[in-house]
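A.B. asks: Take a look and give me a structure for this.
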Amino acid sequence: MPDLDEALPSLAQRAWTRHDVIVSGVVAGVLGGIVMALFLAVCALEAGMDPLHPLRVIGSTFGGPEALEGGGGVVAFGAALHLTTSALFGVVLAALIPRDFPSGCAIGVGAAYGLFTLGVMMSVVVPAVNPLFRPEMQPVGGSWVIAHVLYGLALGFVPALRRRLAREAVEEQAKEVARRRAAPERRHVAHPT
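C.D. replies: Below you'll find the predicted structure:
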């Protein structure tokens, strides 16, 4: 049987792979979604629109044209929907990129993945769930391409986040092994009742 110290890294790798994929994907996805939303707010403002218009349009998903006139609730729903979608796409990328993938390559792959998400969302998902999206967002035009590249660049940090989470898991497990070794053995003595 292998020594526990030798087995520790492989135990941590197996135990934390799912955890670090989900956590790093969600963190990078939400970060990318925030960067994307801020960039689109600036672009909307530059186009003479309300900076919250992109979130309001996203929030009109499932609500129809009347939802575009909505207030804070529609914007909040748009932000929640946008960040949830960003997180889900982030988890997918985190599951595809290995933990030891070089950072520079990961950032490039992330940017390409951002463009891939743009293609999927604008050709499949958005037309099915929000037909108002394209005409309402036309004034910001090509900003969507740049916004998705920025999103993808943030996703490029997934391998680094996964490595950090794995390193923390190994350190925590090493501390646990040290605590167990330092604790005196307790012998269980059956007490008559």
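A.B. asks: Buried by neighbour count: which residues of stretch 32-49 qualify?
C.D. replies: Neighbour counts over stretch 32-49 (16 or more other Cβ atoms under 10 Å) mark 32, 33, 34, 35, 36, 37, 39, 40, 41, 43, 44, 49 as buried. Bear in mind the C-beta positions are built from the backbone N, C-alpha and C, glycine included.
A.B. asks: Just the closest of these to residue 169, please.
C.D. replies: Set against residue 169, the nearest of the buried residues of stretch 32-49 by Cβ to Cβ is residue 32 (24.0 Å).
A.B. asks: ok, the closest one to residue 82 distance?
C.D. replies: 11 Å (Cβ to Cβ, to the nearest Å).
A.B. asks: Quick one: mark the members of the buried residues of stretch 32-49 that sit in helices.
C.D. replies: Members of those lying in helices (criterion: DSSP state H): 32, 33, 34, 35, 36, 37, 39, 40, 41, 43, 44.
A.B. asks: State the pLDDT value of the second one.
C.D. replies: Per-residue confidence for residue 33 comes out at a pLDDT of 97.
A.B. asks: so where is this structure shaky, pLDDT-wise?
C.D. replies: 1-16, 184-193 (pLDDT under 70).
A.B. asks: and with 90 instead?
C.D. replies: Low-confidence segments of the chain, defined by pLDDT under 90: 1-21, 23, 53, 56-74, 98-100, 103, 122, 126-142, 144, 159-193.
A.B. asks: and the residue nearest the centre of the chain, helix, strand or coil?
C.D. replies: A centroid search over the chain (Cα atoms, centre = their mean) returns residue 29, at 2.3 Å, as the residue closest to the centre. Using DSSP: H, G, I helix; E, B strand; the rest coil, the structure places residue 29 in helix.
A.B. asks: That one contacts residue 90, doesn't it?
C.D. replies: Yes - Residue 29 lies in contact with residue 90 (Cβ atoms under 8 Å); the separation is 2.2 Å.
A.B. asks: Need the overlap of contacts for these two.
C.D. replies: By the contact definition Cβ atoms under 8 Å, 6 or more residues apart in numbering, residue 29 and residue 90 are jointly contacted by residue 155.
A.B. asks: hey, where'd the helices end up in this protein?
C.D. replies: 4-46, 53-59, 72-96, 103-120, 126-129, 133-137, 143-155, 158-182.
A.B. asks: out of these, nearest to residue 65?
C.D. replies: Closest of those to residue 65 is helix 133-137, at 9.5 Å (criterion: Cβ to Cβ).
A.B. asks: Pull that closest one out as CSV, backbone CA atoms only.
C.D. replies: Extracted in CSV, the C-alpha atoms of helix 133-137 (Å, rounded to 0.1, in the frame of the first residue of the first chain):
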residue,chain,number,x,y,z
PHE,A,133,-32.8,41.1,-29.1
ARG,A,134,-31.2,41.7,-32.6
PRO,A,135,-33.2,44.8,-33.6
GLU,A,136,-32.9,46.3,-30.1
MET,A,137,-29.2,45.8,-29.9
